[in-house]
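**Student:** Dropping the sequence and predicted coords here.
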Amino acid sequence: KKDLESLDHLISSLLQNSGIPLAQDIGRHLIMAGGKRLRPLITLLCAHACGKQTSGRAISLGACIELIHTATLLHDDVIDQSHQRRGKPSAHTVWGNDASILVGDFLFSQAFELMVADGSIETFKILSQATSCISKGELIQLSCIRTVRTEKKLYLEIIEAKTAALFEAAAELGAIAGNATFQEQYLLKTLGHLIGVLFQISDDILDLNLYETPSDKVPGNDLLEGKMTLPLIFAYDNS
């Protein structure tokens, strides 16, 4: 809890120091509106798992992960025209598409400034590759919209890129911040990847509202947007 409070304080300080009221308002609206902080939490837990007290470095790298994630949410909500995020009106419905996209870009730039401050080529490479993967996954998914005959293999390729890549990076950065051995780093990186895949599959199941599970997700959005998720692929293949 203390580590997450420090992480939130760091992000809040970055927004405050920007001197841009619009960035502050939209950033607080989304980042400080709650959310599970699952990705930066994985960074912090992986640092602890290596037997080290959580350092300022782990908190800073966790903040990088959260800023990148939030930036992608701002962009995604504009693309998908989603009206809600974390139980609140999405940023683009309040401030408009232009503001949401530009603040998303601003949060990306803040994340990269934290990476530069970290001073490690290795962490910079990990996060750069993760952001590249996310974009690739989103583009592949966009090209498959309303393609009913989407294969499971392609679906997994999409979610491994658009979702699991950031989970994987979060875990690997935590391992690095915890001074992990090469083997520990590899194992935690793999664990992060698998958690990311499972998280997205679970999220896709929640979209169909098959279970009475508390969620801020509005059911049916993926279906309306024509995204072929795993439950739909299985339904089509067995129909």
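**Tutor:** Great, that's in hand.
**Student:** what sits against the residue nearest the centre of the chain?
**Tutor:** In the chain, the residue lying closest to the centroid (CA atoms, centre = their mean) is His69, at 3.5 Å. Counting by CB atoms under 8 Å, 6 or more residues apart in numbering, His69 makes contact with Arg39, Leu166. Any C-beta I mention is one placed from the backbone N, CA and C, and that applies to glycine too.
**Student:** does it sit in a helix or strand, and which one?
**Tutor:** helix 56-80 (DSSP states H and E).
**Student:** Give the rounded mean pLDDT of the next helix or strand after that helix.
**Tutor:** Towards the C-terminus, the helix or strand next in line after helix 56-80, according to DSSP H and E, is strand 84-85. Averaging pLDDT along strand 84-85 gives 72.
**Student:** In terms of secondary structure, what does strand 84-85 contact?
**Tutor:** Taking 3 or more CB pairs under 8 Å, 6 or more residues apart in numbering; DSSP states H and E as contact, there are no helices or strands that strand 84-85 lies on.
**Student:** Return the list of strands paired to that strand, each annotated with direction.
**Tutor:** With DSSP bridges as the test, strand 84-85 is paired with strand 88-89 (antiparallel).
**Student:** can you list contacts of the helix or strand just after the strand it pairs with?
**Tutor:** For strand 88-89, the following helix or strand on the C-terminal side (DSSP H and E) is helix 91-95. The contact list for helix 91-95 (CB under 8 Å, 6+ apart) reads 22, 25-26, 29-30, 74, 77-78, 81, 83, 85, 99-100, 103.
**Student:** Neighbour count added to those, as TSV?
**Tutor:** Listed next are these as TSV, based on neighbours: other CB atoms under 10 Å:
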residue	neighbour count
Leu22	13
Asp25	16
Ile26	25
His29	19
Leu30	24
Leu74	28
Asp77	22
Val78	20
Gln81	13
His83	12
Arg85	23
Ala99	18
Ser100	23
Val103	28
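**Student:** give me every residue that touches Thr131.
**Tutor:** Contacts of Thr131 (CB under 8 Å, 6+ apart): Ile68, Phe108.
**Student:** What separation is there between it and His83?
**Tutor:** To His83, Thr131 is 26 Å away according to CB to CB, to the nearest Å.
**Student:** just Ala130 next, same as before
**Tutor:** 28 Å.
**Student:** How about Met228?
**Tutor:** 22 Å.
**Student:** picking that back up, and which of the contacts of helix 91-95 is nearest Asp8?
**Tutor:** Proximity of the contacts of helix 91-95 to Asp8 was ranked by CB to CB; the top entry is Leu30 with 12.7 Å.
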